[in-house]
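**Student:** what would the 3D arrangement of this be:
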Amino acid sequence: MEDPEVWDAFIFCCYTRLRWCDIQAFSPDHIKTAHFIVQKKTQVEHYLTLHPVAKAILDQRFAIRLNPERQRPIFRLPTSEEARRVLAAWCLAAGINKHITWSCARLSFSILLQDALVDQATVALLLGHTTTRHVFETYRRYRPKDQAATIALLPDPDHPPKPAIKTS
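**Tutor:** Residues are numbered from 1 along each chain as shown. Sure thing, here's the model as predicted:
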């Protein structure tokens with residue numbers, strides 16, 4: 001099941017942390033002169049810095065609609081149920097046996113930042129949270145960066161660590 005609008009919107013969310021409720025109604029009006037957006041869920045205005053991937057998607061959307069209406073959504077998306085079916089079909093076609101939802105785009109945004117060693121406070125700010133609690137509880141990075149390097153830190157049985165010598 002192909003739907004380039006859903007594909008572009010999902011990838012756009014992976015690079016902008018927008019929720020389904022934000023992307024569904026995301027229009028040129030939401031991109032004010034300084035790229036501020038009001039998140040629908042929280043009603044808080046946030047600065048939206050566009051990654052080159054997100055900017056390219058927007059440029060492509062604007063090229064498709066030469067004179068976009070300021071209040072018309074940038075992405076022509078189906079219902080949320082139909083969008084979830086499209087995501088499920090993509091996962092099945094890719095051999096991914098995991099339930100993927102629109103929230104996974106936000107999680108991917110957070111994980112990509114954490115993989116780049118961005119601190120939790122900055123990740124929280126970029127996600128639109130006022131504290132790091134949700135980053136730690138919901139968007140936490142669970143897998144180690146390099147398992148081999150981590151395991152190599154364990155002591156070698158042939159060369160155990162030397163005990164600390166107390167000096168008085």
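**Student:** contacts only, for Ile74.
**Tutor:** With contact taken as Cβ atoms under 8 Å, 6 or more residues apart in numbering, Ile74 is in contact with 26-28, 58, 61-62, 68. Heads up, the C-betas are built off the backbone N, CA and C, glycines and all.
**Student:** could you find the closest non-adjacent residue to the spatially most central residue of the chain?
**Tutor:** Centroid check for the chain by Cα atoms, centre = their mean gives Phe109 as the closest residue, at 2.0 Å. Nearest non-adjacent residue to Phe109, counting by Cβ to Cβ, 6 or more residues apart in numbering: Arg17, 4.3 Å away.
**Student:** residues near the one you found, how many?
**Tutor:** Using other Cβ atoms under 10 Å, Arg17 is surrounded by 22 other residues.
**Student:** so what's it up against?
**Tutor:** Residues counted as contacts of Arg17 (Cβ under 8 Å, 6+ apart) are 105-106, 109-110, 126-128.
**Student:** quick one, strands of the chain?
**Tutor:** Applying DSSP state E to the chain gives strands spanning 36-38, 45-47.
**Student:** weakest of the ones you listed by average pLDDT?
**Tutor:** Among the strands of the chain, strand 36-38 carries the lowest mean pLDDT, at a mean of 58.
**Student:** in ChimeraX, how would I select the buried members of the contacts of Ile74?
**Tutor:** Listed next is the ChimeraX selection for buried residues among the contacts of Ile74, using 16 or more other Cβ atoms under 10 Å:
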select :26,28,58,61,68
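**Student:** just flag the most distant two among the contacts of Ile74.
**Tutor:** Using Cβ to Cβ, the two most remote members of these are Phe26 and Phe62, lying 12.5 Å apart.
**Student:** hey, which helix or strand in this structure has the poorest pLDDT?
**Tutor:** strand 36-38 (a mean of 58; mean pLDDT, DSSP states H and E).
**Student:** what's the end-to-end length of stretch 105-125?
**Tutor:** 17 Å (Cα to Cα, to the nearest Å).
**Student:** what does it contact?
**Tutor:** Residues contacting stretch 105-125 (Cβ under 8 Å, 6+ apart): 10-11, 13-19, 126-127, 130-132, 134-136, 138-139, 141, 145.
**Student:** quick check on these: which are buried?
**Tutor:** 10-11, 13-19, 126-127, 132, 134-135, 139.
**Student:** going by distance to Ile165, which of those residues wins?
**Tutor:** Distances from Ile165 to these, taken by Cβ to Cβ, are shortest for Thr132, at 39.3 Å.
**Student:** tell me the contacts of the closest one?
**Tutor:** Neighbours of Thr132 in contact, by Cβ under 8 Å, 6+ apart: 120-121, 123-124.
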